[in-house]
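J.: let me see the structure of the following:
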Amino acid sequence: MNETGEKHAEERLRAAIEAYHASALVYAAVKLGLPDRMGARPWTAPALAAEFGLSTPHLLRFLRGLVTIGICEERSDGSFALTDLGRSLKLGSPSRLGEKVMIVVEQYWRPWADLVSTLQTGEPAFEHVFGTDVWAWRNENFRGGDIFAAYLASETFAGAGPIIEALDLAGVGRVADIGGGHGGLLAAILQAHPDVRGILFDLPETIIGAKKFLTSHGVFDRVTLAGGDFLAEIPVEADLYVLKSVLQHWDDVAARAILGSCRDAMPARAKLAIIERLLPEQAHDDPSAVMTDLHMMVITGGRARTLQELERLLTQAKLALSKVTATSSGLSVIEAVPA
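T.: Purely as a prediction, here's the structure:
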């Protein structure tokens, strides 16, 4: 690399290191509720400070920071107004960016900053930081758990198109979404296939929030909610079982148990579709998959896997790999049938 290229690379790295500035500004805005309360009209710093009970001089400096990242615009009269980008941070907006920043800052920042502990102990940094695993934390911290489940359902639903194109539903009358949260993928499948019915299987405390989401997408009347622990058993019968981004959250022992539970539940004619981002042999071939793998290592103790590693787990669970379809989203649909 020549001197100019090295300089540009250093500047890119410097920008990445300093990116926490923007994340912190966005998080503070969402945490305060600014995108929801400011609306479409401009505000002066004193008026907005009075509205929220904040320090006027400090809020003024904060608003100018939001201007630098495109969240607000500063007008010639000294007032501030939300931009379109700022309005996208409203909680419940289609972008779900407000929920995203809440999850990243409140659940991921501290564990990622403690990455060294994972390298030293082999245990998720999340548990070192919070004293419990991520699932127990979300169950105990209801708002954090609800925000995560709602965000994940909306994000999954919005990005389901390539998955649905890759899924073969010929002869399928009932789909079981295993570990499906609030049913983001299941809702998309049922909308695309009006004659298909669904089962949403997850922990009892998780599926409580699924009714609202499934109803809002017009498919709740075709869904059976089933609560349970897929590490123990999956007592539901379907033609197609779907595991969307589930196995990556778990180590090999737990992943084998989940696949074994699926195999035990599957009728002879049924098939299983695992939807995951496959880990490449070389990091540069899919940097996003490598980052997914690291995120699982830090937060859940799970891992992304190569196709060969997944096939080994399938074989151990008495399942046979039958088809692999890469999608335009970077995810792959890995189909298996009883061996």
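
J.: which stretches in the stretch 1-150 of the chain count as helices?
T.: 3-17, 20-32, 34-38, 45-52, 56-68, 84-87, 97-103, 109-113, 115-121, 125-130, 134-140, 142-158 (DSSP state H, counting those that start in this stretch).

J.: what does the fourth one rub up against?
T.: In this structure, residues lying in contact with helix 45-52 by Cβ atoms under 8 Å, 6 or more residues apart in numbering are 32-34, 37-38, 43, 54-56, 59-60, 63, 78, 80. (C-beta placed from N, C-alpha, C; glycine too.)

J.: is Thr325 in a helix, a strand, or coil?
T.: strand (DSSP: H, G, I helix; E, B strand; the rest coil).

J.: how close does it sit to Leu247?
T.: For Thr325, the distance to Leu247 equals 17 Å [Cβ to Cβ, to the nearest Å].

J.: okay, these two: which has more neighbours?
T.: Leu247 (26 against 17; other Cβ atoms under 10 Å).

J.: surely the more buried one and Arg256 touch.
T.: No: between Leu247 and Arg256 there is no contact under Cβ atoms under 8 Å: 9.5 Å.

J.: who's in contact with the residue lying farthest from the centre of the chain?
T.: Note on the chain: the largest C-alpha distance from the chain mean falls to Asp77, namely 41.1 Å (Cα atoms, centre = their mean). Residues in contact with Asp77 (Cβ under 8 Å, 6+ apart) are Pro42.

J.: re earlier: worst mean pLDDT among the helices of the stretch 1-150 of the chain?
T.: Among the helices of the stretch 1-150 of the chain, helix 3-17 carries the lowest mean pLDDT, a mean of 86.

J.: and that one, what does it pack against?
T.: Packed against helix 3-17, as judged by 3 or more Cβ pairs under 8 Å, 6 or more residues apart in numbering; DSSP states H and E, are no other helices or strands.

J.: and that helix, how far out from the chain's middle?
T.: Relative to the mean C-alpha coordinate of its chain, helix 3-17 is positioned 30 Å out (Cα atoms, centre = their mean, to the nearest Å).

J.: what's the answer for stretch 235-252, then?
T.: Averaging C-alpha positions (Cα atoms, centre = their mean) puts stretch 235-252 16 Å from its chain's average.

J.: just the helices in the stretch 151-300 of the chain please.
T.: 161-166, 184-192, 204-207, 210-216, 252-265, 287-299.

J.: which strands or helices does the first one pack on?
T.: Same thing as helix 161-166. helix 184-192.

J.: off-centre distance for the helix it packs on?
T.: Centroid separation between helix 184-192 and its chain, computed with Cα atoms, centre = their mean, is 17 Å.

J.: contacts only, for the residue nearest to Ala238 when sequence neighbours are not counted.
T.: Nearest non-adjacent residue to Ala238, counting by Cβ to Cβ, 6 or more residues apart in numbering: Ala176, 3.7 Å away. Ala176 makes contacts with Gly198, Ile199, Phe201, Ile234, Val236, Glu237, Ala238, Leu240, Tyr241, Val242, Ala265, as judged by Cβ under 8 Å, 6+ apart.

J.: just the ones of those residues in strands?
T.: Counting by DSSP state E, those place Gly198, Ile199, Phe201, Leu240, Tyr241, Val242 in strands.

J.: make TSV from these and add distance to Met102 and pLDDT to it.
T.: Shown next, in TSV, are the ones in strands among the contacts of Ala176 (distance: Cβ to Cβ, whole Å; pLDDT from 0 to 100):
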residue	distance to Met102	pLDDT
Gly198	29	98
Ile199	30	98
Phe201	27	97
Leu240	34	98
Tyr241	32	98
Val242	27	98
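
J.: re earlier: mind listing the residues bridging to the residue nearest to Ala238?
T.: Ile199, Tyr241 (DSSP bridges).

J.: tell me the two of the contacts of helix 45-52 that are most distant?
T.: Gly33 and Gly78 (22.5 Å; Cβ to Cβ).

J.: the two: which is more packed in?
T.: Gly33 (14 against 10).

J.: pLDDT value on that one, please?
T.: So Gly33 comes in at 96 (pLDDT).

J.: separation between the nearest residue to it once chain neighbours are set aside and Ala28?
T.: The shortest distance from Gly33 to any non-neighbouring residue, by Cβ to Cβ, 6+ apart, is to Phe52 (7.8 Å). Distance, Phe52 to Ala28, using Cβ to Cβ: 11 Å.

J.: who's more crowded, the two?
T.: When Phe52 and Ala28 are compared for neighbours, Ala28 comes out ahead with 15 against 12, by other Cβ under 10 Å.

J.: wait, isn't that one in contact with Phe62?
T.: Yes: between Ala28 and Phe62 there is a contact at 7.0 Å, judged by Cβ under 8 Å.

J.: overlap in contacts of the two?
T.: In contact with both Ala28 and Phe62: no residue, using Cβ under 8 Å, 6+ apart.
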